[in-house]
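In: Could you look at this predicted model? Sequence included:
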Amino acid sequence: MTQSNPSTQLKKQQGAAKLIINAEEYQERLRKWTTQSRRKTNFPRRLKGRLIAAHYFQIAFVSSETYSEPQVNTAIRRGNAFKVDHVQIRRYLVDSGMIARCADDKAFSLSEALLALADWVPVVSVTEIDS
């Protein structure tokens, strides 16, 4: 997964206007990435696509819970529609602030820092994705 540092992307985007991500665009990208007849695709390069991909993985987690590394890996593997492995995706989610390592470095918790870079119009829910 060749990409620029997620924290660099965050710093650039923080001073810029928020991206707008609507439900139709979100669903269309997920359909494109997850269609069974297609081969796995590359992880998105542009920030908007990365936000959608990161959110797609993030919805597997509950904000009030902590997760072990094997639990995080399993959740990522289960939803991985990309050519990159779960370790690279987990690293991206941590580096970009979507999930945070707990103080003991043995568990992870959900963070919504990266989601603040976009206006999600309307707010996309799991039920919208599944339909």
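Out: That came through fine. Numbers count the residues shown, from 1 in each chain.
In: If you tally nearby residues, what's the number for G97?
Out: Using other Cβ atoms under 10 Å, G97 has 18 neighbouring residues. Glycine gets a C-beta too; all of them are placed from N, C-alpha and C.
In: Kindly provide the distance from it to E65.
Out: 18 Å (Cβ to Cβ, to the nearest Å).
In: What backbone torsions are found at the residue in the chain sticking out farthest from the centre?
Out: Among the C-alpha atoms of the chain, the one most distant from their mean position (Cα atoms, centre = their mean) is that of D104, at 23.2 Å. When read as degrees, to the nearest 10, the backbone of D104 gives phi -80, psi 0.
In: again with S68
Out: Dihedral pair for S68: phi -80, psi 160, per degrees, to the nearest 10.
In: try R31
Out: For R31, the backbone dihedrals (degrees, to the nearest 10) come out as phi -60, psi -40.
In: centroid residue for the chain?
Out: Nearest residue to the geometric centre of the chain (Cα atoms, centre = their mean): A54, 0.7 Å.
In: Grab the nearest non-local neighbour of that one.
Out: M98 (4.7 Å; Cβ to Cβ, 6 or more residues apart in numbering).
In: Surely that neighbour touches Q58?
Out: Yes. M98 is in contact with Q58 according to Cβ atoms under 8 Å; the separation is 5.1 Å.
In: who's more crowded, these two?
Out: Higher neighbour count among M98 and Q58: M98, with 26 against 19, using other Cβ under 10 Å.
In: which stretches of the protein form helices?
Out: In the chain, the segments counted as helices under DSSP state H are 6-14, 23-34, 47-58, 69-79, 86-96, 126-130.
In: Which of those helices comes out lowest on mean pLDDT?
Out: Lowest mean pLDDT of these: helix 126-130, a mean of 45.
In: ok so, going back, okay, and the common contacts of M98 and Q58?
Out: Counting by Cβ atoms under 8 Å, 6 or more residues apart in numbering, the residues touching both M98 and Q58 are 110, 115.
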